[in-house]
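J.: predicted model and sequence follow; I will ask about them next.
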Amino acid sequence: MLKSMTGYGRAEQTIGEKTYLVEIKALNGKQLEMQLKLPALLKSFEFEIRNNLQEQLLRGTIDCLITIKQNGSLKPVVINTDLIKSYYTQIETLGKELYIETKDVLSALLRLPEVVSPSTEMLSQDEFLEFNTVLNKAIADLNKHRHEEGATLENDLLKRIENIKLQEEKILQLEPRRKIRIQEEIKQLLEEHVGAEKIDYNRMEQELIYYIEKIDLHEEQIRLRQHCEYFKEILQGKEEGKGKKLSFVLQEIGREINTTGSKAYDADIQKCVVMMKDELEKAKEQVLNVL
């Protein structure tokens, strides 16, 4: 089954005196691009967290926000005096510009982000293992959304490939008539410009056979069917990370469609080619979202 690159995962859990909250948002991207926002307590474990996200999410633009709330009233805290001074200086300047009193702002300043923080510099190894269970739950929630969206993508891509195959079958039906029409048109042109009595019909037949072989669509249609079947085979396989492979197969399908169009010399076949190109472009757009 397919997995989409887009999704959202969230997990929150209180363990002991700490509440862990993990939110992960994923969008499509050619490679893995990660924005990771960590509290100070987890800075020493950033490498492990990044590796965990990379191993389980594989590809896409990942935005992960992690917060830790310290529970309990007796926990020692540290007041970031430099930060609170910076906040106050800016507030005081703004107050002067707007003619607003700024004397009694200490209580408000103490509630600003990072002004008051737990004195613990980092989590212990045991606490990190507890946090990791919450991180894995958020990743699992994201992957669940990816699977759900991937099912919709898979149905749409199968529909596009089936539509391409349908147009290819129409071309097979039109092909015999096309060859007869081309032969008749060439013969008529020769008779009009050279004269029927001057035509070497044996030589003309040889040349016609050579020309018809040059514009024959049989090989292109065989390869097109094979590529479509291979696309479906990849689509329904169990492996993860199929997006790039599916994109490569669509490129091969596009080459066969383009070659068919350049050799067609038939209005009805050209219509089929246009329909196939339309379905191909829709499939390419969808594959961009496949993991």
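T.: Arrived safely.
J.: just the helices in the stretch 151-291 of the chain please.
T.: Using DSSP state H, counting those that start in this stretch, the helices of the stretch 151-291 of the chain run over 201-214, 218-235, 243-264, 267-287.
J.: Val134 is nearest to which of the ones you listed?
T.: Closest to Val134 of the helices of the stretch 151-291 of the chain, according to C-beta to C-beta: helix 243-264, at 28.4 Å. Using the backbone N, CA and C atoms, a C-beta is placed for each residue, glycine as well.
J.: in JSON lines: the helices of the stretch 151-291 of the chain, plus mean pLDDT and mean neighbour count.
T.: Output for these, formatted as JSON lines (pLDDT from 0 to 100; neighbours: other C-beta atoms under 10 Å):
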{"stretch": "helix 201-214", "mean pLDDT": "61", "mean neighbour count": "11"}
{"stretch": "helix 218-235", "mean pLDDT": "90", "mean neighbour count": "16"}
{"stretch": "helix 243-264", "mean pLDDT": "90", "mean neighbour count": "18"}
{"stretch": "helix 267-287", "mean pLDDT": "92", "mean neighbour count": "17"}
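J.: what's the closest of the ones you listed to Leu65?
T.: The minimum distance between Leu65 and the helices of the stretch 151-291 of the chain falls on helix 243-264, with 25.3 Å, by C-beta to C-beta.
J.: what packs against the closest one?
T.: Under the contact criterion of 3 or more C-beta pairs under 8 Å, 6 or more residues apart in numbering; DSSP states H and E, helix 243-264 touches helix 125-193, helix 218-235, helix 267-287.
J.: possible to save those helices as a markdown table with distance to Glu114?
T.: Formatted as a markdown table, the helices and strands packed on helix 243-264 follow (distance: least, C-beta to C-beta, whole Å):
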| stretch | distance to Glu114 |
| --- | --- |
| helix 125-193 | 19 |
| helix 218-235 | 48 |
| helix 267-287 | 42 |
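J.: what's the closest of these to Glu256?
T.: Checking the helices and strands packed on helix 243-264 against Glu256 by C-beta to C-beta gives helix 218-235 as the closest, at 4.2 Å.
J.: list of residues touching that closest one?
T.: Helix 218-235 has contacts (C-beta atoms under 8 Å, 6 or more residues apart in numbering) with 2, 154, 157-158, 161, 164-165, 168, 171-172, 175, 242, 245-246, 249-250, 252-253, 256-257, 259-260, 263.
J.: who's in contact with Asp216?
T.: Contact partners of Asp216, counting by C-beta under 8 Å, 6+ apart, are Lys263.
J.: got phi/psi on it?
T.: Main-chain dihedrals, Asp216, degrees, to the nearest 10: phi -70, psi 140.
J.: thinking again about what came up before, to Ile68, which of the helices and strands packed on helix 243-264 lies closest?
T.: helix 125-193 (7.7 Å).
J.: return the distance of that closest one from the chain's centre.
T.: Distance of helix 125-193 from its chain centroid, counting by C-alpha atoms, centre = their mean, to the nearest Å, is 14 Å.
J.: would you mind getting the angle between it and helix 218-235?
T.: Between helix 125-193 and helix 218-235, the angle comes out at 170 degrees (axes from the mean of the first three to the mean of the last three C-alpha atoms, to 10 degrees).
J.: output the contacting helices and strands for helix 125-193.
T.: Using 3+ C-beta pairs under 8 Å, 6+ apart, helix 125-193 is in contact with strand 7-15, strand 18-27, helix 46-57, helix 201-214, helix 218-235, helix 243-264, helix 267-287.
J.: can you list the ones you listed in a markdown table and add distance to Arg181?
T.: Output for the helices and strands packed on helix 125-193, formatted as a markdown table (distance: least, C-beta to C-beta, whole Å):
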| stretch | distance to Arg181 |
| --- | --- |
| strand 7-15 | 53 |
| strand 18-27 | 51 |
| helix 46-57 | 55 |
| helix 201-214 | 11 |
| helix 218-235 | 17 |
| helix 243-264 | 12 |
| helix 267-287 | 10 |
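J.: what's the closest of these to Val105?
T.: strand 18-27 (28.3 Å).
J.: put the alpha carbons of stretch 138-150 into CSV.
T.: Taking C-alpha atoms only, stretch 138-150 is exported to CSV below (Å, rounded to 0.1, in the frame of the first residue of the first chain):
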residue,chain,number,x,y,z
ALA,A,138,3.4,10.8,17.5
ILE,A,139,5.3,9.2,14.6
ALA,A,140,2.8,6.3,14.6
ASP,A,141,-0.1,8.8,14.5
LEU,A,142,1.6,10.6,11.5
ASN,A,143,2.2,7.3,9.7
LYS,A,144,-1.4,6.4,10.2
HIS,A,145,-2.5,9.6,8.4
ARG,A,146,0.1,8.9,5.7
HIS,A,147,-1.4,5.5,5.1
GLU,A,148,-5.0,6.8,4.9
GLU,A,149,-4.0,9.5,2.4
GLY,A,150,-1.8,7.0,0.5
